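S.K.: Mind looking at a prediction? Sequence and model below.
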Amino acid sequence: MREKELEKLKEYKYGFSTDIESIKAPKGLNEEVIKFISNIKNEPKWLLDWRLKAYERLKILKEPDWQKPKYPKIDYQNLYYYSAPKSFKEKPKNLDDLDPKLLETYKKLGIPLQEQKRLNNIAVDAVFDSVSVATTFKEKLTEKGIIFCSISEAIQKHPDLVKRYLGSVIPITDHYFATLNSAVFTDGSFVYIPEGVRCPMELSTYFRINASDTGQFERTLIIADKGSYVSYLEGCTAPMRDENQLHAANVELIALDDAEIKYSTVQNWYPGDKDGKGGIYNFVTKRGLCKGKNSKISWTQVETGSAITWKYPSCILKGDNSSGEFYSIAITNNHQKADTGTKMIHLGKNTKSKIISKGISAGFADNTYRGLVDISRNANNSRNYTQCDSLLIGNKCGAHTVPYIKNKNLFSNIEHEATTSKISDDQLFYCNQRGLNQEEAVSLIVNGFCKEVLQQLPMEFAVEAQKLVGISLEGSVG
Amino acid sequence: MLNIDNLYAKIDKKAILNGLSLKIKPGEVHAVMGPNGSGKSTLANILSGKQGYEISGNVSYENKNLFDLAIEERAHKGLFLAFQYPLEIPGVNTSNFLKTSLNAIRKSNGKKELDALEFLKIVKEKASKLKMDEKILNRQLNVGFSGGEKKKNEILQMSLIEPKMAILDETDSGLDIDALKIVANGVNTLRNKERSFLIITHYQRLLDYIKPDFVHVLMKGKIAKSGCMELAEELEKVGYEKL
Ligand SMILES: Nc1ncnc2c1ncn2[C@@H]1O[C@H](COP(=O)(O)OP(=O)(O)OP(=O)(O)O)[C@@H](O)[C@H]1O
Ligand SMILES: [Mg+2]
């Protein structure tokens, strides 16, 4: 390996790529490619029609351009929309049939696919490029009636559920990237928790982009039936490549009466090199519908990777007494950019939402919090509390807060607080004097700054996330 | 232990230290007094490695050039500064900070890092000796601490770290009489044949409890006079102007 590459590898330890033969759809975006995807996945006709409808819609949609981070035009005809390891043509029945190279890859990433190496009771579905590789712990979940599988499998085995809910939160007409996803989505995870069931373990998906020139368009659908509870975690990495890669996922959550969904993301896509070359465009649409009364959806995100992160995990609070939460850490270093936040749409009465956002910016990075709180006319006695804190490291980076507040109900109340602070040289000196080096000091201060959000993560991941926070800011001072 | 030889320091072209020399042997306690703005904190900052000064002169620490060591390396090698104005770090839990600091220093000296339980036991014991409310350990570092609480927190860290060379910059300022005794006691317990102290203060009272081996007067950036306890007593009576 050349020295330069070695250097890079040290910076991003997930930056290796795996040499696996893959089956790809022909390059480009057109009806044929969509049919190819639908066909290779053996999809029912209604789904192909649904995809094509989305594609028709896409033709008249324009890419949005109101976001703060600008990027060069993406050539959608120069991308592969489907890429799957060749060994997947016949889907493996169990883990023993998996390509050992794949298992090796996941091992390097620290993802426990082999059930014998059970890690703290976490069920994992792993997505490699476009296809779901394996779902662990299936039996244990099945006992409780829980469905946790790839969305491709769900389309085959639980078509009614998929048909009923797919696109019910993010319609195919939504916006450019969401519609693109509807047309070409390849795989992702599916979760159904039956009425009254508390999912006994963390469910987790791991996404990995491996092939070059590949977009990753995964689709996740989580349904929590009445009175059920589930906690779900998503993690992601990608190899280092000099070109930018597009990741445009759609995630839909549906919580029925008295149900609760906790969705956590630790996003560590390749951020590009120190000079801003390469990296993932993370343009993701995540939306949860609190459909039933007393339902609750909570988003927690730790966004440390990607060249550009552009996403607003949102809650539509339709059921009376429903509540939505958004806890976010967005870290941008070097030339990374983030424009992220949430939308809390209050439709039902007595609905509550809480937004805690921590933006950390270092190097030449730019970090924007953008959030909408919309309390509709009929949403009596609704409340929102928003707290946005920005932390700057150095003086070449930027932080911005753009809140949109719409309160159309006299009996409802929105509170917004925002702060911007800087890690001062004196604070660093104090830490250094107590024996911490620059990196340890920054990591300690930043972890303290984001504590409220880190606490929301499931225990098993909180430690990992803390380390990630430190690593992603390495070299930001000194 | 510490040998300061003809130290000059400037900041933004302004001369602050002008040929300061001071020798501290293992086990000695030196007090430095001097008018406001005479350069006492500057001396403490430079010794602990703060950046931004234009420096000339030599300082050796344990027979090595002090200026070759990074700030944290000086800390690892036993140099400790109790800050005149301890910094607030919002969000950072005090107990966690103390533990991280202690473990970083232990680790660099090849000692086993303490786990949460071991640390808690020690820190609680030391805090109670300083008559500190344990609750303070669970608050954000120095945020909203009273002046006296901040100072005691510095002494708590000193007693955890057990440095070889401790510099106390006006740790007694703003302390009530009881707290003053407690802090003095904190110093006296650590005092031994190897450990040295440089105690910056404006008041003889602290020295009554600590009884330093030497007292120096720092004026206009250099040591104007050195002596024993009597010098402090004299200063208390006549002030600096007469010197
Ligand atoms: N960053 C700086 N820029 C400009 N002048 C400075 C700076 N830091 C210190 N000084 C000046 O250097 C001189 C010495 O300051 P220093 O803090 O060392 O005094 P001191 O002896 O500790 O005083 P005190 O007893 O009030 O604490 C003062 O005149 C101060 O204003
Ligand atoms: Mg001073």
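M.R.: Looks like it came in fine. Ligands and ions are numbered 1, 2, ... in the order given.
S.K.: List the residues that contact residue 143.
M.R.: Defaulting to chain A. If you count contacts by CB atoms under 8 Å, 6 or more residues apart in numbering or on different chains, residue A:143 has none. (Each C-beta comes from the backbone N, C-alpha and C, glycine too.)
S.K.: other chain: chain B
M.R.: Neighbouring residues of residue B:143 by CB under 8 Å, 6+ apart: B:88, B:89, B:90.
S.K.: try residue B:24
M.R.: Taking CB under 8 Å, 6+ apart, we find residue B:24 in contact with B:1, B:2, B:3, B:30, B:165, B:196, B:198.
S.K.: Please enumerate the helices of chain B.
M.R.: In chain B, the segments counted as helices under DSSP state H are B:40-48, B:71-76, B:94-108, B:116-129, B:147-161, B:177-190, B:204-210, B:229-238.
S.K.: Ok, which of those comes nearest residue A:156?
M.R.: helix B:116-129 (48.6 Å; CB to CB).
S.K.: now that closest one, how far from the centre of its chain.
M.R.: 22 Å (CA atoms, centre = their mean, to the nearest Å).
S.K.: helix/strand/coil for the residue of chain A found nearest chain B?
M.R.: Nearest to chain B, among the residues of chain A, is residue A:448, at 3.3 Å (CB to the nearest CB). Following DSSP: H, G, I helix; E, B strand; the rest coil, the label given to residue A:448 is helix.
S.K.: Confirm for me that it is in contact with residue B:89.
M.R.: Yes. Using CB atoms under 8 Å, residue A:448 is in contact with residue B:89, at 6.6 Å.
S.K.: shared neighbours of these two, which are they?
M.R.: Joint contacts of residue A:448 and residue B:89 (CB under 8 Å, 6+ apart) are B:140, B:141.
S.K.: So which of those two has more stuff around it?
M.R.: residue B:89 (24 against 20; other CB atoms under 10 Å in any protein chain shown).
S.K.: Report the beta-bridge partners for the more buried one.
M.R.: Beta-bridge pairing of residue B:89 under DSSP bridges involves residue B:141.
S.K.: Distance of residue A:46 relative to ligand 2?
M.R.: Using CB to the ion, to the nearest Å, residue A:46 is found at 77 Å from ligand 2.
S.K.: three-state assignment of the spatially closest residue to that residue that is not a sequence neighbour?
M.R.: Of all residues not flanking residue A:46 in the chain, residue A:163 sits nearest, at 6.5 Å (CB to CB, 6 or more residues apart in numbering or on different chains). At residue A:163 the chain is in helix, as set by three-state DSSP.
S.K.: Does residue A:163 touch residue A:45 like I think?
M.R.: No. If you go by CB under 8 Å, residue A:163 and residue A:45 don't touch, sitting 11.5 Å apart.
S.K.: ok, which stretches of chain A are helices?
M.R.: Under DSSP H, chain A gives helices at A:3-11, A:31-40, A:45-60, A:100-109, A:138-143, A:151-157, A:159-165, A:176-184, A:425-433, A:438-449, A:451-454, A:459-472.
S.K.: Using JSON lines, lay out those together with mean pLDDT.
M.R.: JSON lines is the format used below for the helices of chain A (pLDDT from 0 to 100):
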{"stretch": "helix A:3-11", "mean pLDDT": "48"}
{"stretch": "helix A:31-40", "mean pLDDT": "90"}
{"stretch": "helix A:45-60", "mean pLDDT": "94"}
{"stretch": "helix A:100-109", "mean pLDDT": "58"}
{"stretch": "helix A:138-143", "mean pLDDT": "81"}
{"stretch": "helix A:151-157", "mean pLDDT": "92"}
{"stretch": "helix A:159-165", "mean pLDDT": "96"}
{"stretch": "helix A:176-184", "mean pLDDT": "94"}
{"stretch": "helix A:425-433", "mean pLDDT": "96"}
{"stretch": "helix A:438-449", "mean pLDDT": "92"}
{"stretch": "helix A:451-454", "mean pLDDT": "92"}
{"stretch": "helix A:459-472", "mean pLDDT": "79"}
